[in-house]
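1. mind folding the following:
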Amino acid sequence: MTFKNKKALSLLVFASCVLAGYLLWESLRPVEIVAVHQRNSYSSVLVKNFPFTSRGKINWWLENKEMLKAKYDIPRPASYGGYTIDFWLFGEGYKEEGKYDRLCFDDMKTKVNCIDKDVVFIVDYSKNMGLELTVNGSVYRLEENGNLIKIY
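-> Just a heads-up that it's a prediction; the model follows:
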């Protein structure tokens, strides 16, 4: 192997290690819940450091749904039993409504009450469909026996 090939290979290995280390560091950071906004049976949870993968997001939900109920009283089902929880990346924080398509929260009495729309996970429950989890463009149904089935 020539010197140029060894140098290129060393650089590639180094870059791969740095990338792997960064991804590991990102994946080990705990999810931070910045705020919860409630409107009827719809909850918006603003998060930082949400897991990257579909499996990571689903596992986080399964491990933390009791904590969300105890600490934030979500979900709050409607009289017919259905509810929706949207998890939004908090990104750069609250902003004014402005000219962009932003999600604004009426429960905040300030002009700086909107976020950029970047939904990362949706939990939806209805009596007809059961519990559905929407993540990364796919929908999964969680059956009562604990099985997770990909719908599409």
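
2. quick one, helices of the chain?
-> Ranges of helices in the chain, per DSSP state H, are 3-28, 54-72.

3. can you say which of the ones you listed is packed in most?
-> Highest mean neighbour count among the helices of the chain (mean count of other CB atoms under 10 Å): helix 54-72, with a mean of 14. Where C-beta positions appear, they are placed from N, C-alpha and C, glycine not excepted.

4. what's it in contact with?
-> 27, 31, 33, 36, 43, 45, 50-51, 74-75, 85, 87, 120-121, 123, 133, 135-136, 138, 140, 148 (CB atoms under 8 Å, 6 or more residues apart in numbering).

5. cutoff 6 Å now
-> With contact meaning CB atoms under 6 Å, 6 or more residues apart in numbering, helix 54-72 is reached by 36, 51, 74, 121, 133, 135-136.

6. now it, how far from the chain's geometric center?
-> A distance of 10 Å separates the centroid of the chain from that of helix 54-72, by CA atoms, centre = their mean, to the nearest Å.

7. pLDDT on that helix, on average?
-> Helix 54-72 carries an average pLDDT of 96.

8. thinking again about what came up before, looking at the helices of the chain, spot the one closest to I115.
-> Set against I115 and scored by CB to CB, these come closest in helix 54-72, at 17.2 Å.

9. circling back: got the helices of the chain as CSV, with distance to K95 columns?
-> What follows is the helices of the chain, written out as CSV (distance: least, CB to CB, whole Å):
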stretch, distance to K95
helix 3-28, 24
helix 54-72, 23
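
10. before we move on, back to that, got a ChimeraX select line for the buried ones in the contacts of helix 54-72?
-> Buried members of the contacts of helix 54-72 can be picked out in ChimeraX with the line below, counting by 16 or more other CB atoms under 10 Å:
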select :36,51,74,121,133,135
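
11. sort out for me which of the contacts of helix 54-72 are in strands.
-> The strands, defined by DSSP state E, take in 36, 121, 133, 135 from the contacts of helix 54-72.

12. I'd like those as TSV, with pLDDT and distance to K95 appended.
-> Output for the ones in strands among the contacts of helix 54-72, formatted as TSV (pLDDT from 0 to 100; distance: CB to CB, whole Å):
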residue	pLDDT	distance to K95
V36	97	18
F121	98	22
L133	97	28
V135	97	25
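
13. in the protein, where is pLDDT below threshold?
-> Regions of the chain meeting the criterion pLDDT under 70 cover residues 1, 3, 21-28.
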